[in-house]
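> sharing a model prediction with you, sequence too.
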Amino acid sequence: MSKGKIDQSIDTKLSKFVAQKQQHIESEKHGFITPNKSKLLTKSFKLSTLDLETLNAVVQNINKESHYKNYSVSEVLRAFIYMGSSSNTKKLLNILRMHG
């Protein structure tokens, strides 16, 4: 390998390849394909032993009723979040007061 300095003005195979990839990425941004805007984020929280057992029991019951797919705990929690967002706020507050 050469120990001299690299001349930045010379086009190399690598610089051409990188430029081509950047143009391809830019053209994809303006095309019909849109990037997935929703990212799955990891969020951790603490559950009591009773809450975890109850959640697992709910997941098992859902999977018994579902004939096509077994749902994970994360998918069931997402369903609860969606259900809670479209639910009556006063009902949710009463449940939180009773079990919170």
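Sure thing, it's come through. Here the structure is a predicted model, which means the values were calculated and not measured.
> where does this protein have low pLDDT?
Applying pLDDT under 70 to the chain flags residues 1-2, 6, 24-37, 100.
> would you map the helices across it?
13-29, 49-65, 73-85, 89-99 (DSSP state H).
> among the ones you listed, which comes closest to residue 42?
Residue 42 sits nearest to helix 73-85 of all the helices of the chain, at 9.8 Å, using Cβ to Cβ. For every residue, glycine as well, the C-beta is placed using N, CA and C.
> what's the distance between the closest one and the middle of its chain?
Centroid separation between helix 73-85 and its chain, computed with Cα atoms, centre = their mean, to the nearest Å, is 14 Å.
> which strands and helices sit next to it?
Counting contacts by 3 or more Cβ pairs under 8 Å, 6 or more residues apart in numbering; DSSP states H and E, helix 73-85 packs against helix 49-65.
> tell me the buried residues in the helix it packs on?
Going by neighbour count (16 or more other Cβ atoms under 10 Å), the buried part of helix 49-65 is 58, 59.
> packing partners for it?
helix 73-85.
> related to what we said a few turns ago, can you put the helices of the chain in JSON lines and add distance to residue 4?
Converted to JSON lines, those look like this (distance: least, Cβ to Cβ, whole Å):
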{"stretch": "helix 13-29", "distance to residue 4": "17"}
{"stretch": "helix 49-65", "distance to residue 4": "64"}
{"stretch": "helix 73-85", "distance to residue 4": "55"}
{"stretch": "helix 89-99", "distance to residue 4": "70"}
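> from residue 78, how far off is the residue nearest to the spatial centre of the chain?
Closest residue to the average C-alpha location of the chain: residue 40 at 1.2 Å, with Cα atoms, centre = their mean. Distance of residue 40 to residue 78, given as Cβ to Cβ, to the nearest Å: 10 Å.
> for residue 42, same thing?
Taken as Cβ to Cβ, the span from residue 42 to residue 78 is 13 Å.
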